[in-house]
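Trainee: Let's see this in three dimensions:
(one chain, ligands or ions: 1)
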Amino acid sequence: MLVRLLYVSRCSSNITPDLVEAVLKSARKTNPPLGLTGLLCHSDNVFLQVLEGDRDQVNFLYNKIAKDPRHKDLCLLHYEPIMERRFSGWAMGQVSLSQTHAALLLKYGAKPQLDPYAISGRASLAMLEELISSAQAGGRS
Ligand SMILES: Cc1cc2nc3c(=O)[nH]c(=O)nc-3n(C[C@H](O)[C@H](O)[C@H](O)COP(=O)(O)O)c2cc1C
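Mentor: The predicted structure is shown next:
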């Protein structure tokens, strides 16, 4: 059975390009053989990740990711059984959100900063979908 999971976390330090690269390297190697797809969105210190795939695989990966010391304050924002994927084209897509996305951030939140802790999981998902539909996410497989 397919599920979609969305969580937010804070980086234990500042998010650097090397850190993002290391995470994406793991994801793009491990996720495809397990049939996992998704998107990793981040700002200076916040990760917002959506995972889609078989329920057991998604649950297992989430539990592994949750123990990763590179981030903290994990909060599960959304979890649902799904009929179809929305991020099927991404082994693990990536998007860096910054001030240049102020209009999009203001559409879904009170401030022009990425703060998924302050908005609903559905609003964060809608924002991620808008990012992929406007081709602002990279790493399509
Ligand atoms: C924000 C974040 C997102 C991650 N996403 C994934 C992912 O999608 N797939 C993956 O295999 N590892 C991901 N990782 C890395 C895992 O936490 C873990 O380090 C990696 O899977 C290697 O695990 P292992 O060698 O102990 O099995 C992520 C880590 C962080 C901090």
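Trainee: now the strands: where do they sit in the chain?
Mentor: For the chain, the strands defined by DSSP state E occupy 2-11, 37-42, 46-54, 71-81, 93-96.
Trainee: lowest-confidence stretch among the ones you listed?
Mentor: Here the strands of the chain differ in mean pLDDT, and the lowest is strand 93-96 at a mean of 90.
Trainee: ok, stretch 106-119 near the ligand or not?
Mentor: No: no part of stretch 106-119 sits near the ligand under the criterion C-beta under 6 Å from any ligand atom; the closest distance found is 12.7 Å. From N, CA and C alone the C-beta is placed, and that goes for glycine too.
Trainee: Using JSON lines, lay out the strands of the chain together with distance to the ligand and mean neighbour count.
Mentor: Listed next are those as JSON lines, based on distance: least, C-beta to the nearest ligand atom, whole Å; neighbours: other C-beta atoms under 10 Å:
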{"stretch": "strand 2-11", "distance to the ligand": "6", "mean neighbour count": "20"}
{"stretch": "strand 37-42", "distance to the ligand": "6", "mean neighbour count": "24"}
{"stretch": "strand 46-54", "distance to the ligand": "4", "mean neighbour count": "23"}
{"stretch": "strand 71-81", "distance to the ligand": "5", "mean neighbour count": "15"}
{"stretch": "strand 93-96", "distance to the ligand": "10", "mean neighbour count": "19"}
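Trainee: can you tell me which of those strands comes nearest to R122?
Mentor: strand 71-81 (6.7 Å; C-beta to C-beta).
Trainee: Report the inter-axis angle for the closest one versus strand 46-54.
Mentor: Strand 71-81 and strand 46-54 are oriented at 40 degrees to each other (axes from the mean of the first three to the mean of the last three C-alpha atoms, to 10 degrees).
Trainee: How about residues contacting strand 71-81?
Mentor: Taking contacts as C-beta atoms under 8 Å, 6 or more residues apart in numbering, the residues outside strand 71-81 that touch it are 1-12, 47, 55, 62, 65-66, 116-117, 120-122, 124-125.
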